[in-house]
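J.: Pasting the sequence and the predicted coordinates here, then a few questions.
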Amino acid sequence: MTLDLLAIAAHPDDVELTCGGTLLKMAQRGYQTGILDLTAGEMGTRGTPEIRAKEAAKAAKLLGVQWRGTLGVPDSDVQPSRQHKLRLAAQIRELRPKTVILPYWQARHPDHYHASTLGYEGCFLAGLKNLPIAGEAYRPFKILYTTAFAEVRPTFVVDITKQYAQRRKAILSYPSQFRPAKGEKPEKVYLGLEQLEDEMDRLARNSGHLIGVKYGEPFLMKELAKVDDVVKMEVRSI
Ligand SMILES: [Zn+2]
C-alpha cells in the first residue's frame, strides 16, 4: 500500500484529537490516508486493549482513513531505541507515505515527545539503503508536527470547519476513555465528556481564529513555505 498521508502518534485517540480533521479533509480530497498508533494504549487506566482497538477502528472509519495499524511498542515505553526505530522504518517502507504528521517534540507525557523523535528518526532511517530490514529504501518527502496541545506558535493552520462535526464523532468513538461505565462513579482520571467537548471546541476555535475561520488544526514545519504568488496569499493581515 502507498499512502499520501500518514499520522503517527503514541496512543489510539491521540491522532483524532490533534489532526483528525485534517486527515478527514485529505481523505475527502481523494488522498490515501493512514494512522499508525505506536502503542495499543494498554497502560491506559480505562478500557482493555481489545476495547480500544475496536474504538480505534470505528474512529478510523469515521475519518475515512484507508489504513490503521499498531506498531506494537509497549505503552509507556515509547522511545527512540534502535529496536523501535527499525520496526518503524520497516513500516514506513511498506506504507511509503509522501507526508507524515508527528506529535510536537515537547509535551508533558514522555510517550508523546518520544513519539516525535522516534517518528522522525524512523522516517530518516527508512531511507538508508543498507539498513538491516526488509523493503526498498524510502523516505517521506514532508514531515509536519501537530501543535494542538503545545505552547508554541504554529506555522500554518488547516481549516477544518466542514470536518469538525465528523471529527467530533471520531473523538467520541472512544467511550472507554471518556465515559464511566454504567453504575461506575466518574473519577478524576476521566476527562469528563463535557470537559472534553469544551476543550476540543476551544482549541479548534482558537486555531481557526488565527486564520479567520471557525475551526482549525495547527501544525508546525521546520522548513519555510515556498510562495510563488504574493498577491493570491490567503489570511487577511488587517
Ligand atoms: Zn496519548
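T.: Perfect, I can see it now. Numbers count the residues shown, from 1 in each chain.

J.: Can you list the residue ranges for strands in the protein?
T.: Applying DSSP state E to the chain gives strands spanning 5-9, 33-37, 67-70, 99-103, 142-146, 156-159, 216-220.

J.: of these, which approaches the ion most closely?
T.: strand 5-9 (6.6 Å; C-beta to the ion). Placement of C-beta: from N, CA and C, glycine included.

J.: Torsion angles phi and psi at the closest residue to the ion within the chain?
T.: At 3.6 Å from the ion, His11 is the closest residue in the chain, using C-beta to the ion. Torsion angles at His11 (phi, psi; degrees, to the nearest 10) stand at phi -120, psi 150.

J.: check contacts around it.
T.: Neighbouring residues of His11 by C-beta atoms under 8 Å, 6 or more residues apart in numbering: Asp37, Leu38, Thr39, Gly41, Gly44, Asp75, Asp111.

J.: run the last query once more with 6 Å
T.: Going by C-beta atoms under 6 Å, 6 or more residues apart in numbering, His11 touches Thr39, Gly41.

J.: Give me the distance between the closest residue to Pro154 other than its chain neighbours and Gln91.
T.: Distances taken as C-beta to C-beta, 6 or more residues apart in numbering put Pro218 closest to Pro154, at 3.5 Å, once the chain neighbours are dropped. Distance, Pro218 to Gln91, by C-beta to C-beta, to the nearest Å: 26 Å.

J.: Contacts for the helix or strand of the chain with the lowest mean pLDDT, please.
T.: Lowest by mean pLDDT, DSSP states H and E among the helices and strands of the chain is helix 175-178, with a mean of 78. Outside helix 175-178, the residues that touch it by C-beta under 6 Å, 6+ apart are Arg46, Gly47, Ile51, Leu193, Leu196.

J.: and that helix with the ion, contact?
T.: No. Against the ion, helix 175-178 shows no contacts by C-beta under 5 Å from the ion, the least distance being 10.0 Å.

J.: just how off-centre is that helix within its chain?
T.: Here the centre of helix 175-178 is set off from its chain's centre by 18 Å, with C-alpha atoms, centre = their mean, to the nearest Å.

J.: CA atoms only for that helix, dumped as PDB, please.
T.: Taking Å, rounded to 0.1, in the frame of the first residue of the first chain, the C-alpha atoms of helix 175-178 are listed here in PDB:
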ATOM      1  CA  PRO A 175     -16.300   5.900  25.200                       C
ATOM      2  CA  SER A 176     -13.900   3.800  27.300                       C
ATOM      3  CA  GLN A 177     -11.700   6.800  27.700                       C
ATOM      4  CA  PHE A 178     -14.400   9.500  28.300                       C
END
